[in-house]
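[1] Pasting the sequence and the predicted model now:
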Amino acid sequence: MSYARLSRRPLLFRSFTGLEITEFDIICKEIESKYYEHETKRLSNRKRKRDVGAGRPFKLKLRERFLMLLVYYRLYITFTLSGFLFDLDQSNVCRDTCLLEPLVKRCIPLPKKLYKRARTVDEVEEYFPGFKAFIDSAEQEIPRPKNKRRRKSYYSGKKKKHTVKTQYMVNSDGTILHKTGHDRGRIHDYEIFKNKHPTTPLQVENILDLGYLGVKNDFPTVKYVLPFKKKRKSELSDEEKKYNRKHSKLRVIVEHTVSRIKKFGIMGTKFRNKLVRYDHASDIVSGLVNFRIIMRTNKTLL
């Protein structure tokens, strides 16, 4: 597999990488412009025993290595199959991917790089069109931990599996403005919100679901919008049901963004890598999703 061959089939290219050819070229050009500085810094590390320039050179060009990384993230195939497709040993696939990830993170709009504290009303509206933010959490299955204590802490009663959980905040365009590090699947969504909630401007309404009912008492200064909850031995009125349907239509934006994230196999299937790499993977996927949304909406948040 190569860029020259895959780029002749635009539909296959998008299916294999999650990006259009033009989007791939824009990010690749940015990576190539920063590659020399990145490699110089990496090879000048004090812990490195070899001189700069020593060691075996990369077999694949930078463009092909970036393509290999995207195919791995999108399809989440094994390193063995990646090595077969790109004519590499599986150990070299792992090495090339790990070495390129920090540079890719510098070249895409990560959530932590996008949102800065807004000072004026115009700045707030630029980040939050319509002065609305949407917050929700997503779970992903992990292999069953061997340690009994870890098994209990990572077990999700909702999914009936061992999972990790990440909380996202998106704006009306679906752009991810805040993402937490992963937490154990047993932890409730609202517990994550209490410990790691994003700070939004006072003008912004936070659109939440029923999992965040305690926000009224714990965060009285936060603007929040919640649906009505059905009380025991009583039914919701027609007006309340109508309001809840309208609320669901608003909140579907964050659901669509989570769906875009999970289209990348590394985020949508059982996570096979070590958990220390989970946040790196979720950062890169969030940045790629943001890049596609920003290109589609012609925003200038970059």
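    All right, it came through fine.
[2] Which phi and psi values does residue 137 adopt?
    Main-chain torsions, residue 137, degrees, to the nearest 10: phi -110, psi 150.
[3] and it, what does it touch?
    Shown in contact with residue 137 (C-beta atoms under 8 Å, 6 or more residues apart in numbering): 165-168, 189, 192, 211. Quick note: C-beta positions are derived from backbone N, CA and C, even for glycine.
[4] just these now: which is nearest residue 58?
    Using C-beta to C-beta, residue 166 comes nearest to residue 58 of these, at 32.0 Å.
[5] Could you look up the SS state of the closest one?
    Assigned state for residue 166: strand (three-state reduction, DSSP: H, G, I helix; E, B strand; the rest coil).
[6] Quickly list what it is bridged to.
    Beta-bridge pairing of residue 166 under DSSP bridges involves residue 138.
[7] mind checking how far it is from residue 261?
    Remark: distance between residue 166 and residue 261 (C-beta to C-beta, to the nearest Å) = 9 Å.
[8] As a check, name the ranges of all helices in the stretch 201-302 of the chain.
    For the stretch 201-302 of the chain, applying DSSP state H, counting those that start in this stretch gives helices covering 215-218, 238-262, 265-268, 278-297.
[9] Residue 111: which of the ones you listed is closest?
    Nearest to residue 111 among those is helix 278-297; the distance by C-beta to C-beta comes to 5.6 Å.
[10] Check which residues of the closest one are buried.
    Neighbour counts over helix 278-297 (16 or more other C-beta atoms under 10 Å) mark 278, 281-294 as buried.
[11] quick one: which of those residues is nearest to residue 115?
    Once C-beta to C-beta is applied, the member of these that ends up nearest residue 115 is residue 290, at 10.6 Å.
[12] Once you drop chain neighbours, what's closest to the closest one?
    Distance criterion C-beta to C-beta, 6 or more residues apart in numbering; nearest residue to residue 290, sequence neighbours excluded, is residue 109 at 4.4 Å.
[13] In three-state terms, how would the one you found be classified?
    coil.
[14] Could you report the neighbour count for it?
    A count of neighbours around residue 109, defined by other C-beta atoms under 10 Å, yields 20.
[15] Surely it touches residue 292?
    No. Judged on C-beta atoms under 8 Å, residue 109 makes no contact with residue 292 at a distance of 10.0 Å.
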